[in-house]
Structure formats: C-alpha cells, structure tokens
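Chemist: Mind folding the following:
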Amino acid sequence: MFKRQWLMAMVLCLVLPMLAACGGEEPTATAPAPTASTGGSDATSETASEQPAAAGELNWAALKVEDGATISLVASGNPEEQKIYQESIERFKQQFPNVNVTFEAVAADYPLKIKADAAGGTLGDVFFMDSGLMNALAPNGILLALDPSMQQVGMQASDFAGPLINLFQLDGKTYGLPKDFGGLAVHINNEMAKAAGVSIPEDGNWSWDDFRAAAEKMTQGEGNNKVFGICTPPDIDRMGAFVFANGGQIISDDNTQALYNQPAAVEAINFWYQLYKDGYGAVPKEIGQDWCGAAFGNKKTAMVVEGGWLFNFMTQSFPDVDYTTVAMPKAPTGERATLLFTNAWGVAADTQFPNAAAALAMFLVSPTNQQPIAETGFALPSWKSLLDLPFFESHPKENVIAKSADYGHLAVYSAKNDDFRKPLSDALERVWLGRQDLQPALDEAAKASTEVLQQ
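Modeler: This is a model prediction of the structure:
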C-alpha cells in the first residue's frame, strides 16, 4: 500500500510541475526495507568459475544468477560514456555468459525519466543513480538492498574510497554502489604562473596565504583584457572545501541544523569572497564565460578549483593550454579538505532477476571493470585499492584527485539537499552582488535551511 501511494504521489509530481517539487529530496528514515520479487524464474545458473576466490578477489561463483536472465542497464551520458558502458557490458558477459544485458541510453531529462518509470512500473533493472534519485526511491521501497549479494561475493562497504558509499545507504542497508568519483583540486596555468613569478606547489605544500598571493600575482591587466588570478563563483560546491579545511561544518552531525553561519565556516567563506571583492577573483558570467572551466581554458583566469571532469574538457576544448593540478591549500588549521562527488548503480526492487541484476551492479564497480576504465583516464575508480594503480604514478593530474579521497567530504548535506542549499545559494548571490553583508546573509539563510531540515 505504501509503495502504491508513493507511486501515485510521484505521478502527481510529474504531471503537475507547477506545484512544489516532491521527490528529489525526501526524508531517509521512514520506509521499510524493500523486498525483491523474483518474478517467474527461480532457476539459477552457475556462470562463473566454481573455484574459490583468491585473497582480495570477488567470488562471483557464490552468486547464482537466474538461468536465461535478461536485464536492462539504463544510463545517461554522451557517446564516449555510452561506449564505456557498452564495453563494461561485454566484460560482464565474459563473467556471466548466460545473462543477456540490453543497454538503454537516455539523451535528456534523466532523473525525470527514472522517476516516471518508477511511477509507471517500468523501471529498468540496473540504472545510473545520483543522491537525489537515491533519496526519492530508497525510502519508498523502489530499490533493491544489495548487502546480501555483496556478502555472497565478498564485497564490503570498506572496499570503496572515503565516504562515497555513505550517500547510498539507508537504515543500515546499501541501495547503490559508487561507480566513480571526483574531488576538487587547484588547476594552475603554467605560462601565467611563470610570467607572474609564481612557484607552483606540485608537492601540495602550500597555505591559504600562498593561494591568495598566487591569485594576486597572476591578476593582470584592466577592463576587458583583465586576467583574474582565480575563478570565484558564489558556490558552496567550491568554498565548501575551505569550510571543512578550516574546521567548519555545513550541517550538524545529526542533520538537524545548518552550521554554515558559525565562525569557522564564515571565516572560510569570507576568505573565498575576499578574493572576489579584492579583484583577484571572477564570476564566470561577469567575464563572458558559462563556467570556470571555460574561463580557465580561455585564459580569463589563471587558476580554477575544479574536479577531474576538467581533464577531458581541457583535452577536447583547449588541448594547447599547459597547466598543473595541485592539491587544495592548507587552512590556518594546518588541514586541507576537498569535496567529493559521486554517482552510483542502483537496482530496481521489483526486477524479475534480482541475482543477475545485483551481479551486474556489483560487476560494474568491481576492480575487473573499473581498472581498465581508470587506465584510460576517463574516470577515477571508486574502488579504494585501485587508487594505487601504477597508472596514477605516471599521470600526476589524475593522481592529485585520486589521493583527495583521503581528505574528502561529501558534497551532499542531507536527504533534503536541494531545499537545504537553496537559502545558502540565494544568500551568497546577494553577498556577491553587494546587496547584503556576509554574516547577516548567512544567519538568515541558516535559519531557513534549518527550518527545511526540521519540517
């Protein structure tokens, strides 16, 4: 009954878009654990080797997939990403030759489609999932708990880097497996740094003062020809890394109160803001750019704080720009921090073939599949042990991001993440526009964010 009621509510959300959003960020502690339906097939097939797994390997033979299973994999992505998924399916079929996998690529409006499919009972067996979909689906019994299957093959939550898997756990159960991740680092234009006499801290040994000094030195010119030292959007997904390094918090540990207006957090946010206010930082749209990566590629800013997604963008759009990637600077506390971003593979609770679907989700995040992807430089592996691959020793840019998992914090702050963040985003926008001072703006926003959490 609960699930049917949720489905009807989801349909209303989809057909009445002018109403308040209802489904992206739901409370995470109310629904019973989902139960998988086995459909009409109870037969299983031993498609993996029956030899016991060696130490550190996954024992695929322990998971008996349904004989003749046909399952679907649903994901968004550009042609390059879709090619990666197709290659992953081929690797999976080598391990499970009796399982047929169909791939569905979603060109646009991916979250909307997944919610519509869930509401209509047509959800794919295995699908790409962000934290918003996790919070919309898991509390309502739409996702399959993967822990029993993980236990059978020897996969543990601790196999994944940093806190990544925490985003996809609810009430002690795991509903999604992180597929890869990104973490923030500082990217510095080598030519501009040399011209300004800035020494690039490739060993990561630098402070906030060093960071500010570099931005100041590399700020050159006037008017439309001005080059800024750093790209400084009013974005908590950048300045949040400084908050954590300074010992601050965005939200309380029990997820009931916004804390971004407290002294340590305000000091960090003000550090980022002063770069902009003092003329060393720029907002992309104010210099004719749509995001910081474009500003960096077009040499409008000498530095950016971005993740590993910058690498492919620069290779494809600005291959002649020579730059170095370094770790985030250390705060006056002596600590450094970054923000971690990830997505996952989830499985529909009502899949007809739960063992085969769980096998695919687990295989996609396994070392067998993630290592060849990592070695192309396409994505950083979420599997912790793969972050020590020899590949990273010869790829220093990627290595900086890979190592950031050790000091990273998740860039999602509650199950009501979007609603929680909106007052903060609005407040920061007002501050950057000079319409309100920082502390009162943050106080006002924190009150509103806390009210969201307590609703």
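
Chemist: What's the local residue count around residue 387?
Modeler: 23 (other CB atoms under 10 Å). For the C-beta atoms, the positions are set from N, CA and C on the backbone; glycine is no exception.

Chemist: need the contact list for residue 263.
Modeler: Each residue near residue 263 by CB atoms under 8 Å, 6 or more residues apart in numbering is listed here: residue 248.

Chemist: Low-confidence regions, the chain specifically.
Modeler: Residues of the chain that meet the criterion pLDDT under 70 lie in 1-56.

Chemist: List the neighbouring strands of the biggest strand by length in it plus their orientation.
Modeler: Under DSSP state E, the strand in the chain containing the largest number of residues is strand 338-347. Partner strands and pairing direction for strand 338-347 (DSSP bridges) are strand 126-129 (antiparallel), strand 177-183 (antiparallel), strand 408-410 (parallel).

Chemist: May I see those strands organised as a markdown table, with distance to residue 73 and mean neighbour count added?
Modeler: Shown next, in a markdown table, are these (distance: least, CB to CB, whole Å; neighbours: other CB atoms under 10 Å):
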| stretch | distance to residue 73 | mean neighbour count |
| --- | --- | --- |
| strand 126-129 | 5 | 27 |
| strand 177-183 | 12 | 25 |
| strand 408-410 | 25 | 22 |
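
Chemist: nearest to residue 393, of those?
Modeler: Among these, the nearest to residue 393 by CB to CB is strand 177-183 (18.1 Å).

Chemist: tell me which strands and helices the next helix or strand after the closest one is in contact with?
Modeler: Following strand 177-183 in sequence order, the next helix or strand is strand 185-189 (DSSP states H and E). For strand 185-189, the packing partners by 3 or more CB pairs under 8 Å, 6 or more residues apart in numbering; DSSP states H and E come out as helix 208-218, strand 301-306, strand 323-326.

Chemist: Neighbouring strands - and their directions - for the last one?
Modeler: It stands for strand 323-326. For strand 323-326, pairing defined by DSSP bridges yields strand 185-189 (antiparallel).

Chemist: For the next helix or strand after the strand it pairs with, C-alpha coordinates in PDB please.
Modeler: For strand 185-189, the succeeding helix or strand toward the C-terminus, using DSSP H and E, is helix 190-196. C-alpha atoms of helix 190-196 as PDB (Å, rounded to 0.1, in the frame of the first residue of the first chain):
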ATOM      1  CA  ASN A 190      51.800  27.200 -16.200                       C
ATOM      2  CA  GLU A 191      52.500  30.100 -18.600                       C
ATOM      3  CA  MET A 192      50.700  32.600 -16.400                       C
ATOM      4  CA  ALA A 193      52.400  31.300 -13.200                       C
ATOM      5  CA  LYS A 194      55.800  31.600 -14.800                       C
ATOM      6  CA  ALA A 195      55.200  35.100 -16.100                       C
ATOM      7  CA  ALA A 196      54.000  36.300 -12.700                       C
END
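
Chemist: Figure out how far helix 190-196 is from the centre of its chain.
Modeler: The chain centre lies 32 Å from the centre of helix 190-196; the measure is CA atoms, centre = their mean, to the nearest Å.

Chemist: do stretch 183-196 as well
Modeler: 24 Å.

Chemist: which residues are in contact with that stretch?
Modeler: Around stretch 183-196, the neighbours that count as contacts under CB under 8 Å, 6+ apart are 198-200, 211, 214, 217-218, 220, 227, 238, 241, 296, 299, 302-308, 310, 321-329, 338-341, 380, 400-401, 404-405, 408.

Chemist: Out of the residues you listed, which end up buried?
Modeler: In the contacts of stretch 183-196, burial by neighbour count holds for 198, 200, 211, 214, 217-218, 227, 238, 241, 296, 302-308, 310, 321, 323-329, 338-341, 380, 400-401, 404-405, 408, counting by 16 or more other CB atoms under 10 Å.
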